[in-house]
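**Q** Pasting a predicted model and its sequence here:
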Amino acid sequence: MKHCRSWICLVNGLISTLLISLPIHIQAATHSQHSPDGQIVFSVNDDTGLPNYSVSYKGQAVIKKSALGLEFKPLDGFVRNLKIVQEKKSSNDSTWEQPWGEQRLMRDHHNELLVTFSGTENTTKIMQLRVRVFNDGLGFRYEVPPQKSLEKKHSSKTHNKKIEIVDEKTEFVIPDADKTTAWWIPSRNWNRYEFLYNTTAVKDLDRAHTPFTVRLASGIHLSIHEAALTDYAAMTLDQQRDGTLKADLTPWSDGIKVKTQLPFHTPWRTIQIASNASGLINSSLILNLNEPNKLGDVSWVKPGKYIGIWWGMHVNTQTWGSGEKHGATTENTKKLMDFAAQYGFDGVLVEGWNEGWDGDWYQNGDIFSFTKAYPDFNLPEITAYGLEKNVHLIGHHETAGAVINYKNQMADAFDLYKKHGVTQVKTGYVADGGKIKRIDENGIIRNEWHDGQFNIGEYLRSVTEAAKRQISINTHEPIKDTGLRRTYPNWIAREGARGQEYNAWGSPPNPPEHTVILPFTRMLSGPMDYTPGIFNLAPYGLEAENRVRSTLAKELALYVVIYSPIQMAADLIENYYEKDGKTIKPAFQFIRDVPTDWEKTQALAGEIGDYIVIARQQRNSDDWFLGAITDENARDIKINLNFLDTDRQYEAQIYRDGSKAEWQKNPYDIVIEKKSVSAKDQLEFRLATSGGVAIRFKVIK
Ligand code: NOJ
Ligand code: CA
């Protein structure tokens, strides 16, 4: 064997040794691997030369025989005439620490199976499938090592390692498509990820984004998603025959799905498996399948809370553009910085500070400047004013989908913010799906999808460029999260679903069930900048279409339920005061107290679209916080406090719906009370229609 320096060379060496020593025409073989607790079994097979897999949980088939494979242009790639020629098994049980997160210590306990496929006719053609099976689900990915046969046939140049993937054949065949319920949003559609969730039988879906969550007739819950999506196209799911969901990669404008080169591997295709709905939330599968932190010391990435010049633009009291109602002025910002300093917020987001917003800003992508402020916004003065009070300006870059204009200014834009002590930037990619502007090699404008390979690279560019300047990024209109915060911990949050802003626009607003679907779907992928904390729930009156469809207590509970290391108090600051304009409202105390960084998280109970109860322990503290919310139905809940430390007594500071609360006519009826409790106790609450309860458990010293 020749001298090897890389793992790829080693693998190739091993494979060629094996190919010489093994007869190729072995019987169709099943190779399997199980989870450490033995409950999940993944089996892979090369029956009739077609690679396929299946999954069982507690002896029940949860993914039926499903195809595997990759199709290249102009070759067939790895679709048919394939044979498993080698398997390798290994195990891992280790613990790693998140610099920030919903859980500090993460256990990565899995069994691995690596199977090697070769062509039955062309035996030098090699593809591997790496599978990791955990107690909470599994991931598998394709790995294609360097190989001469693919290089030569692909092009007339002998050393062209380029590969164009035209289709990924991966299927997820769900049993009983008529009896299995799915929660899903459509993919390849104009509004990116910002759709209301559909609740249907699996057989009634067309094409869906991931995380894609289902409940089987047996009550087992699955969520199909992907981990570590970089330099590849997003996987969406296209239903073919009933129950057969096929990977549908988002294409480039020329129809190719992925442009890559040898060697390469795909993102992990993931299946979370749990016996109940909350089990999906108590899972660390996606993060465990991502690469460790690549940024080194990230102590500069700071979780925290913020307010902003933001909601005013959405409820039309302010504008992004210049003029009388311009929100981003030096005076307004300083006022917010005073408020932030007084009530313990770390940052003030300011949108509309830079030139380019005038007129119909959706169309202004190419004229946005990311370094020139409007004349009434004095960046150096504002940032210096804030830093004296320990309050940071949070920057804002809206691209309107013109990512090349952004790319051209990016270095200067981040340099400017760095110079003035800005440590966090919210980015925006407002453009209809399929309307991201790329300029090709010939200078021609091409329209790309937000979740296609091209723009996935642009998102990552902003994150890595920002990291060089110790700036964290909160992406709006993002690519869905696939756990990359582990690798790039400065990718601190993102949007990627309908957030609070829809309640201002009313197109239509988020229904009461929306926030009890998110934790089991969108939130399985990672933190969301939902922006809770609206206190004036109906800025246009209770009867208006556009208003927040929840009680005040539910708005508070969202700080615990919808995880993000950065949480906004999203309302206009005047709405946090009583009518006298001086006294802060008592309910605001919860927003001041709730942390955004956690030692532990436990989803205690819940059903998708109905209700959820989540408890989290504050990091570097013995205090716990709890949030419970319900859909349009009022509900009685009983919470067992056995998650608390058994040796301690706590003061439960409770913010619950009052006896007359209901979201439509009486959303502000809230009771704030204190109780002494311990781990042996149970608490019972009546949640109002679209109501909730938020609790701080403070250790009594
Ligand atoms: C959409 C974002 O979600 C919202 O938060 C922002 O205010 C606007 N784009 C403008 O950038
Ligand atoms: Ca948005």
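**A** Alright, I've got the coordinates. Just so it is clear, the model here is predicted, and its values are computed rather than measured. Ligands and ions are numbered 1, 2, ... in the order given.
**Q** Just the CA atoms of stretch 639-654, as CSV, please.
**A** Only the C-alpha atoms of stretch 639-654 are listed here, as CSV (Å, rounded to 0.1, in the frame of the first residue of the first chain):
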residue,chain,number,x,y,z
ILE,A,639,-46.9,20.4,37.0
ASN,A,640,-44.8,18.0,39.1
LEU,A,641,-41.9,20.0,40.5
ASN,A,642,-39.6,17.0,40.7
PHE,A,643,-37.1,18.7,38.3
LEU,A,644,-36.1,21.0,41.2
ASP,A,645,-33.2,20.2,43.5
THR,A,646,-34.6,18.0,46.2
ASP,A,647,-32.6,19.6,49.0
ARG,A,648,-33.9,23.1,48.5
GLN,A,649,-36.8,25.4,49.1
TYR,A,650,-37.8,27.8,46.3
GLU,A,651,-39.9,30.9,46.1
ALA,A,652,-42.1,30.4,43.0
GLN,A,653,-42.8,33.8,41.4
ILE,A,654,-45.9,33.0,39.3
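**Q** Tell me the buried residues in that stretch?
**A** 639, 641, 643-644, 650, 652-654 (16 or more other C-beta atoms under 10 Å). All C-beta spots, glycine's among them, are computed from the backbone N, C-alpha and C.
**Q** Turn the residues you listed into TSV, columns for secondary structure and distance to residue 479.
**A** What follows is the buried residues of stretch 639-654, written out as TSV (DSSP: H, G, I helix; E, B strand; the rest coil; distance: C-beta to C-beta, whole Å):
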residue	secondary structure	distance to residue 479
639	strand	36
641	coil	39
643	coil	34
644	coil	38
650	strand	41
652	strand	40
653	strand	38
654	strand	39
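**Q** Nearest to residue 482, out of those residues: which one, please.
**A** residue 643 (28.9 Å; C-beta to C-beta).
**Q** Which residues are in contact with that closest one?
**A** 602, 604, 615, 624, 679 (C-beta atoms under 8 Å, 6 or more residues apart in numbering).
**Q** mind showing which ranges of this structure have poor pLDDT?
**A** 1-28, 152-159 (pLDDT under 70).
**Q** Apply 90 and report the result again.
**A** 1-30, 74-76, 122, 148-161, 506-507, 701 (pLDDT under 90).
**Q** and it, which residues reach ligand 1?
**A** Listed as neighbours of ligand 1 in the chain under the rule C-beta under 6 Å from any ligand atom: 310, 351, 398, 428, 430, 476, 495, 501.
**Q** Can you list which of those residues are found in strands?
**A** Among those, the members found in strands (DSSP state E) are 398, 428.
**Q** Which PyMOL command selects the buried ones in the residues of the chain next to ligand 1?
**A** This is how PyMOL selects the buried members of the residues of the chain next to ligand 1, with burial counted by 16+ other C-beta under 10 Å:
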select buried, resi 310+351+398+428+476+495+501
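**Q** Turn the residues of the chain next to ligand 1 into a markdown table, columns for distance to residue 299.
**A** Listed next are the residues of the chain next to ligand 1 as a markdown table, based on distance: C-beta to C-beta, whole Å:
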| residue | distance to residue 299 |
| --- | --- |
| 310 | 28 |
| 351 | 28 |
| 398 | 29 |
| 428 | 27 |
| 430 | 33 |
| 476 | 26 |
| 495 | 26 |
| 501 | 32 |
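**Q** Which members of the contacts of residue 643 occur in helices, if any?
**A** Residues of the contacts of residue 643 located in helices (DSSP state H): none.
**Q** tell me which of the residues you listed is nearest to ligand 1?
**A** residue 615 (29.0 Å; C-beta to the nearest ligand atom).
**Q** Now for that closest one: which residues touch it?
**A** 560, 601-602, 604, 624-626, 643.
**Q** quick revisit: out of the contacts of residue 643, which is most surrounded?
**A** residue 624 (25 neighbours; other C-beta atoms under 10 Å).
**Q** which other helices and strands contact the helix or strand where residue 91 lies?
**A** Using DSSP states H and E, residue 91 maps to strand 82-97. In this structure, strand 82-97 packs against helix 7-21, strand 30-34, strand 105-119, with contacts taken as 3 or more C-beta pairs under 8 Å, 6 or more residues apart in numbering; DSSP states H and E.
**Q** any chance you could map the helices in this structure?
**A** Secondary structure of the chain, counting by DSSP H: helices at 7-21, 148-154, 277-281, 285-288, 311-314, 330-343, 379-388, 403-419, 453-468, 501-505, 514-517, 552-561, 588-593.
**Q** For residue 445, find the nearest of those.
**A** helix 403-419 (9.1 Å).
**Q** quick one on the thing from earlier: hey, what's the angle from the strand holding residue 91 to strand 105-119? Just curious.
**A** Here strand 82-97 runs at an angle of 170 degrees relative to strand 105-119 (axes from the mean of the first three to the mean of the last three C-alpha atoms, to 10 degrees).
**Q** Neighbouring strands of strand 82-97 in the sheet, and parallel or not?
**A** strand 105-119 (antiparallel) (DSSP bridges).
**Q** can I see the domain layout of this structure?
**A** 21-288, 498-526+545-556+593-701 (automatic domain parsing).
**Q** Turn the ones you listed into JSON lines, including distance to residue 461.
**A** Converted to JSON lines, the domains of the chain look like this (distance: least, C-beta to C-beta, whole Å):
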{"stretch": "domain 21-288", "distance to residue 461": "11"}
{"stretch": "domain 498-526+545-556+593-701", "distance to residue 461": "19"}
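**Q** Check the offset of the strand holding residue 91 from the chain's centre.
**A** 26 Å (C-alpha atoms, centre = their mean, to the nearest Å).
**Q** Also stretch 469-478?
**A** 13 Å.
**Q** what do you get for stretch 468-478?
**A** That offset, for stretch 468-478, works out to 14 Å (C-alpha atoms, centre = their mean).
**Q** can you tell me the distance between the two ends of it?
**A** End-to-end distance for stretch 468-478: 21 Å, by C-alpha to C-alpha, to the nearest Å.
**Q** Mind listing what's buried along it?
**A** Within stretch 468-478, judged by 16+ other C-beta under 10 Å, the buried ones are 469-478.
**Q** And the contacts of it?
**A** 192, 300-302, 395, 414-415, 417-418, 422-431, 450, 459, 462-463, 466, 490-496, 529, 566.
**Q** give me every residue that touches the residue in the stretch 151-300 of the chain that ligand 1 sits nearest to.
**A** Residue of the stretch 151-300 of the chain nearest ligand 1, by C-beta to the nearest ligand atom: residue 194 (8.4 Å). Applying C-beta under 8 Å, 6+ apart to residue 194 gives the contacts 495, 497-498, 502.
**Q** switch the cut-off to 6 Å
**A** residue 498 (C-beta atoms under 6 Å, 6 or more residues apart in numbering).
**Q** The one 4 residues further on now?
**A** Contacts here follow C-beta under 6 Å, 6+ apart; on that basis residue 198 touches residue 184.
**Q** The stretch 501-650 of the chain: strands as residue ranges?
**A** With strands called from DSSP state E, counting those that start in this stretch, the stretch 501-650 of the chain shows them at 566-568, 598-607, 611-618, 624-630, 635-640, 649-657.
**Q** Name the strands paired with the fifth one and say parallel or antiparallel.
**A** Here strand 635-640 is paired, per DSSP bridges, with strand 682-687 (antiparallel).
**Q** swap in the fourth one?
**A** Take DSSP bridges as the rule and strand 624-630 pairs in its sheet with strand 611-618 (antiparallel), strand 692-699 (antiparallel).
**Q** Ok, the second one next?
**A** Note on strand 598-607: by DSSP bridges, its sheet partners are strand 611-618 (antiparallel).
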